[in-house]
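Trainee: here is a sequence together with a model predicted from it:
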Amino acid sequence: MGRRGTQPARMKSSMWIYAAAGYNVALAAFHLGFWRMFRWREELPKLHPANQGVMQVLNLMLTVVFLLVAGLQILRTEEVVTSPLGRTLMAGLMGFWLLRAALQPVFFKALPSSTNVVFVVLFLAGAGLHAMALPVE
């Protein structure tokens, strides 16, 4: 199809990319709440100092990645929709969230199963948002 046939698909993909960006910003905000939510001021000192640092640095860097991805999704939407690199990014993020959903019950066995189900559903939603952002050509 010509340009006329691809424009609605691009507009639809852009809508989903903005939704995925919002999801990534929300996850970044959620991660910034870990210090309070998990009482890290009291809990982290129980760990070896290296593990204390690893936990906090990994969390902060993951937050930065979420914000970086959201920024790309918002500021470079057209490139994400039209370029092979952008489509690969969206597919990779879909895989990221699918894997995160699969890892939830494996690494969080101590949580109530209902809590794990909620998180699995939230992570599958992230995978779905990124999948919907992939334009069908």
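Mentor: Here it is on my side, so go on. Residues are numbered from 1 along each chain as shown.

Trainee: dump the residue contacts of the one residue sitting closest to the centre of the chain.
Mentor: When C-alpha atoms, centre = their mean is applied to the chain, the residue found nearest the centroid is residue 24 (4.8 Å). Going by C-beta atoms under 8 Å, 6 or more residues apart in numbering, residue 24 touches 66, 67, 69, 70, 73, 126. From N, CA and C alone the C-beta is placed, and that goes for glycine too.

Trainee: redo the residues you listed as JSON lines? Include neighbour count and secondary structure.
Mentor: Below are the contacts of residue 24 laid out as JSON lines (neighbours: other C-beta atoms under 10 Å; DSSP: H, G, I helix; E, B strand; the rest coil):
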{"residue": "66", "neighbour count": "22", "secondary structure": "helix"}
{"residue": "67", "neighbour count": "18", "secondary structure": "helix"}
{"residue": "69", "neighbour count": "24", "secondary structure": "helix"}
{"residue": "70", "neighbour count": "21", "secondary structure": "helix"}
{"residue": "73", "neighbour count": "28", "secondary structure": "helix"}
{"residue": "126", "neighbour count": "21", "secondary structure": "helix"}
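
Trainee: between these, which is nearest residue 98?
Mentor: residue 126 (8.8 Å; C-beta to C-beta).

Trainee: just checking, the closest one touches residue 97?
Mentor: Yes. Residue 126 is within contact range of residue 97, at 3.7 Å (criterion: C-beta atoms under 8 Å).

Trainee: quick check: which ranges of this protein have low pLDDT?
Mentor: 1-11, 136-137 (pLDDT under 70).

Trainee: quick check: what element follows the longest helix along it along the chain?
Mentor: Counting residues, the longest helix found in the chain (DSSP state H) is helix 3-32. Using DSSP states H and E, the next helix or strand after helix 3-32 towards the C-terminus is helix 34-37.
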